[in-house]
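**Q** okay, predicted coordinates and the sequence, questions at the end:
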Amino acid sequence: MFKLPILFFTLGMMFLSTELIAQVQIGAGVSGSYNFQTEGGGFGVRAEGYVLKSLSVVLQGQYYPQFNKVHEAGGGLELHYAPYYHPIVRAYVLAGGSVNYWFNYAESNYKLAKPLNFIAEVGGGLVFLDKQWRPFAEYRYNPIFLEGSVHVGLMYFPKIKSRNRTTCPAYM
């Protein structure tokens, strides 16, 4: 029972320690989500670290409250790859896995329903504004449970200095 929290703590510490090793750009954020198949809404938290300019690692947690048809919580790790850099809007593809705890699995007539599930997700998204505050929107698909969900949120990168247009000669 305690192995899962220890695993997430260890992964989180490993993820955060990469900043010391490679000066990774790290941000934290929140999101809201909607699962189309279960017709339920939830919210999440995430931490993102850019390993390369085009590659980031995202550690995240998600919770769908009990007023939904499916009451669940989970967390996992994803890779986001953005092959083309643009300072206003950047598209990325994502792939990852998570562990999901389904609280009311017994109420389901789905034959694969069980309390603890390992899930793979693929999808894509858009991140806006290459600054401290970065809104994002993404679509994820779970090929195991055949579910699609949309996530919209906001990331904050504290080490990025805000750009001041008055210092640029083009704006003087």
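**A** Arrived safely.
**Q** would you mind listing the buried residues in stretch 124-140?
**A** Buried residues in stretch 124-140, counting neighbours by 16 or more other Cβ atoms under 10 Å, are found at 124, 125, 127, 134, 136, 138, 140. Backbone N, C-alpha and C define where each C-beta goes, glycine included.
**Q** the lowest-mean-pLDDT helix or strand in the chain: what's the following helix or strand?
**A** Least confident helix or strand, the chain: helix 3-22 with a mean of 56, by mean pLDDT, DSSP states H and E. Using DSSP states H and E, the helix or strand that follows helix 3-22 in sequence is strand 25-35.
**Q** contacting residues around that following strand?
**A** With contacts defined as Cβ atoms under 8 Å, 6 or more residues apart in numbering, strand 25-35 is touched by 16, 19, 40-50, 62, 64, 70, 134, 136, 147-160.
**Q** need the CA coordinates for that strand. PDB is fine.
**A** Provided in PDB are the C-alpha atoms of strand 25-35 (Å, rounded to 0.1, in the frame of the first residue of the first chain):
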ATOM      1  CA  GLN A  25      13.900  25.100 -16.900                       C
ATOM      2  CA  ILE A  26      11.200  24.000 -14.300                       C
ATOM      3  CA  GLY A  27       7.600  25.100 -14.000                       C
ATOM      4  CA  ALA A  28       4.500  24.200 -12.000                       C
ATOM      5  CA  GLY A  29       0.900  24.500 -12.900                       C
ATOM      6  CA  VAL A  30      -2.700  23.500 -12.600                       C
ATOM      7  CA  SER A  31      -5.300  22.200 -15.100                       C
ATOM      8  CA  GLY A  32      -8.900  21.400 -15.500                       C
ATOM      9  CA  SER A  33     -10.000  18.400 -17.600                       C
ATOM     10  CA  TYR A  34     -13.000  16.700 -19.200                       C
ATOM     11  CA  ASN A  35     -13.200  13.000 -20.100                       C
END
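**Q** strand partners of it, parallel vs antiparallel please.
**A** Sheet pairing of strand 25-35 (DSSP bridges) gives strand 40-50 (antiparallel), strand 147-156 (antiparallel).
**Q** chain center to the shortest one: distance?
**A** What that stands for is strand 147-156. Strand 147-156 sits 7 Å away from the centroid of its parent chain (Cα atoms, centre = their mean, to the nearest Å).
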